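A.B. asks: A structural model of the following input is requested.
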Amino acid sequence: MLTEINIDALVGPTHHFGGLGVGNMASLAHQQQVSHPKLAALEGVAKAALIASLGIPQFIWLPPLRPRFDLLSAFGFSGTADEQLSAARQAAPRALSAIYSSAFMWAANSATVSPVSDTSDKRLHITPANLISSWHRAGEASERTIDFEKLFNGLSNVVVHPALPSIVPLRDEGAANHMRLCDSSGLHGFNLFVYGEDELEPEPASKFLPRQTRAAFEAIARAHRLDPQTTVFLRQHPAAISAGVFHNDVIATSHQHLLIHHDLAFWNAEETLQRMENLFLAQTGQPLIRIVVSQDELPLEAAVQSYFFNSQLLTLPGSDRMTIVCPTQCQSIPAARKLVDRLVAQSNIPIDSVHYVSLHESMANGGGPACLRLRIPVDVETLSNMNPALRMSERLADRLCEAIERWYPDRVEPHDLVDTDFIAAARRAVAELNRVTNAKE
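C.D. replies: Here you go, the predicted structure:
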């Protein structure tokens, strides 16, 4: 039996709207607007605390230090900190924004994960994403590698691979483009890897650069020692990418034996999906429930605006029924609200309830509930040996909120990015978060 844990990454105190997300409509629309780091972090803690209150093992990652002056130096800026910041603001404002980025908050991009039951060597395999499509995220892999090592306390059955080489044909955006389907025990898994580009099979071009390549996922599948029979590669629909679907988790979602996707999620994939459904039933003895949401029911534009497909699906402990955690935008967009109500009402769909969560700041930068978390199926022994200091509880949530209320800035404007006092305050905030997390009960 495997248990699915969730890891959320906490928003950092330098959270701002830099407009750096490739093909991310929300990020582009809010560029240079005033951000609210304190609100963003409190919203993130509240969402993680909700998941924990439902009985789901919930962990938290703290923000790494920003700004990254090593990147500023690599971009060619020299001198004192003030000189580097001032020069970057004048000559390369996007570079300045990049070194402050809090995009690490979206843990779904942190890695691709394969549990012990899926791998031939029966070890948990993790490959941090290289994230080279966006220059503000390419440095995160080394930071997340350290986070994984801290989380798993050096367990011998956990393998953390190096990120893939930082070359364009191996662009990798992690679990945001990976879906794992399984039976109720979690032991019989099927891996669906969704890519935007395959150099060997050119298709109609999309408006934006596809962030994930097939070659990258094929390399990860080999490194993770996955069974080719239960490993499926699907191409994302170019029309979806052009509409602002920069990751698969903006147009499709899954959990256990339930797969929900838009009819414009994949390119020429119906035959492959039907074969997978047949194999899933043959190997697990359980039918795969596949729900295709039509363009008429939820237009592509409404899917991107509402982030319905970026909702979290969770199986409630001691039950085979699910709940869905949706952003509040799904309440205010009629087509999305109607879709949620339909899914909850239909008895043949295992979703019994819905929780709406406010994630205004994350959504304004293009990240919903599922973007903020990484899922990892683990066995009981692995779970019992994971770092308890990072597991969400009411007490930890209270401590984090107290530190955020005291140390996070209420608002950040573009001119703050050249203020050394702002930098000092941001670093103090991160230090305080680490202090309260490491404090003894």
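A.B. asks: what about residue 235, neighbour count?
C.D. replies: Other residues within reach of residue 235, judged by other CB atoms under 10 Å, total 19. Quick note: C-beta positions are derived from backbone N, CA and C, even for glycine.
A.B. asks: Roughly how far does it sit from residue 325?
C.D. replies: Counting by CB to CB, to the nearest Å, the separation of residue 235 from residue 325 is 28 Å.
A.B. asks: Can you list the helices and strands that the biggest helix by length in the chain packs against?
C.D. replies: Identified as the longest helix of the chain according to DSSP state H is helix 420-438. Packing contacts for helix 420-438, counted by 3 or more CB pairs under 8 Å, 6 or more residues apart in numbering; DSSP states H and E, involve helix 81-91, helix 394-407.
A.B. asks: and the angle for the last one with helix 420-438?
C.D. replies: Translated: helix 394-407. The directions of helix 394-407 and helix 420-438 differ by 160 degrees, with axes from the mean of the first three to the mean of the last three CA atoms, to 10 degrees as the criterion.
A.B. asks: How about the first one?
C.D. replies: Comparing the axes of helix 81-91 and helix 420-438 via the same axes, to 10 degrees yields an angle of 110 degrees.
A.B. asks: So which residues make contact with helix 81-91?
C.D. replies: Judged by CB atoms under 8 Å, 6 or more residues apart in numbering, the contacts made with helix 81-91 from elsewhere in the structure are 69, 72-73, 75, 77-79, 95-96, 99, 417-418, 420, 423.
A.B. asks: Buried residues of it, list them for me.
C.D. replies: Judged by neighbour count (16 or more other CB atoms under 10 Å), helix 81-91 contains these buried residues: 84-85, 87-89.
A.B. asks: And the last one, by the same measure?
C.D. replies: With burial defined by 16+ other CB under 10 Å, the residues of helix 394-407 counted as buried are 396-397, 399-401, 403-404, 407.
A.B. asks: quick one: average pLDDT of it?
C.D. replies: Along helix 394-407, the predicted confidence averages to a pLDDT of 97.
A.B. asks: What's the end-to-end length of stretch 93-107?
C.D. replies: Criterion CA to CA, to the nearest Å; first-to-last residue distance in stretch 93-107 is 26 Å.
A.B. asks: Per-residue confidence at the spatially most central residue of the chain, what does it come out as?
C.D. replies: What sits nearest the mean C-alpha location of the chain, by CA atoms, centre = their mean, is residue 108, with 1.9 Å. Per-residue confidence for residue 108 comes out at a pLDDT of 97.
A.B. asks: Just to check, it is in contact with residue 373?
C.D. replies: Yes: if you go by CB atoms under 8 Å, residue 108 and residue 373 touch, sitting 6.4 Å apart.
A.B. asks: Can you give me every residue that contacts residue 317?
C.D. replies: Applying CB under 8 Å, 6+ apart, we find residue 317 in contact with 54-56.
A.B. asks: List the backbone torsions phi and psi for it.
C.D. replies: The main-chain torsion angles of residue 317 are listed as degrees, to the nearest 10 and equal phi -60, psi 140.
A.B. asks: Please tell me how far it sits from residue 385.
C.D. replies: According to CB to CB, residue 317 stands 20 Å off from residue 385.
A.B. asks: For residue 175, give me its contacts.
C.D. replies: Contact analysis of residue 175 by CB under 8 Å, 6+ apart lists 108-113, 374-375.
A.B. asks: Let's see that with 6 Å instead.
C.D. replies: Counting by CB atoms under 6 Å, 6 or more residues apart in numbering, residue 175 touches 108, 112, 374.
A.B. asks: now the closest residue to it other than its chain neighbours, what's its secondary structure?
C.D. replies: The shortest distance from residue 175 to any non-neighbouring residue, by CB to CB, 6 or more residues apart in numbering, is to residue 108 (5.2 Å). Reducing the assignment at residue 108 to three states with DSSP: H, G, I helix; E, B strand; the rest coil gives helix.
A.B. asks: do you know how far residue 108 is from residue 220?
C.D. replies: When distances are taken as CB to CB, residue 108 and residue 220 turn out to be 15 Å apart.
A.B. asks: and what of residue 279?
C.D. replies: Here the criterion is CB to CB. By it, residue 279 lies 21 Å from residue 220.
A.B. asks: Who has more neighbours out of these two?
C.D. replies: With other CB under 10 Å as the criterion, residue 279 and residue 220 differ in neighbour count, and residue 220 comes out ahead with 25 against 15.
A.B. asks: Which strands or helices does the strand or helix carrying that one pack on?
C.D. replies: Here residue 220 is covered by helix 214-223, with elements defined by DSSP states H and E. In terms of contact count using 3 or more CB pairs under 6 Å, 6 or more residues apart in numbering; DSSP states H and E, helix 214-223 is assigned the packing partners strand 189-195.
A.B. asks: Ok, which of the helices and strands packed on helix 420-438 comes nearest residue 188?
C.D. replies: Of all the helices and strands packed on helix 420-438, it is helix 394-407 that lies closest to residue 188, at 33.7 Å by CB to CB.
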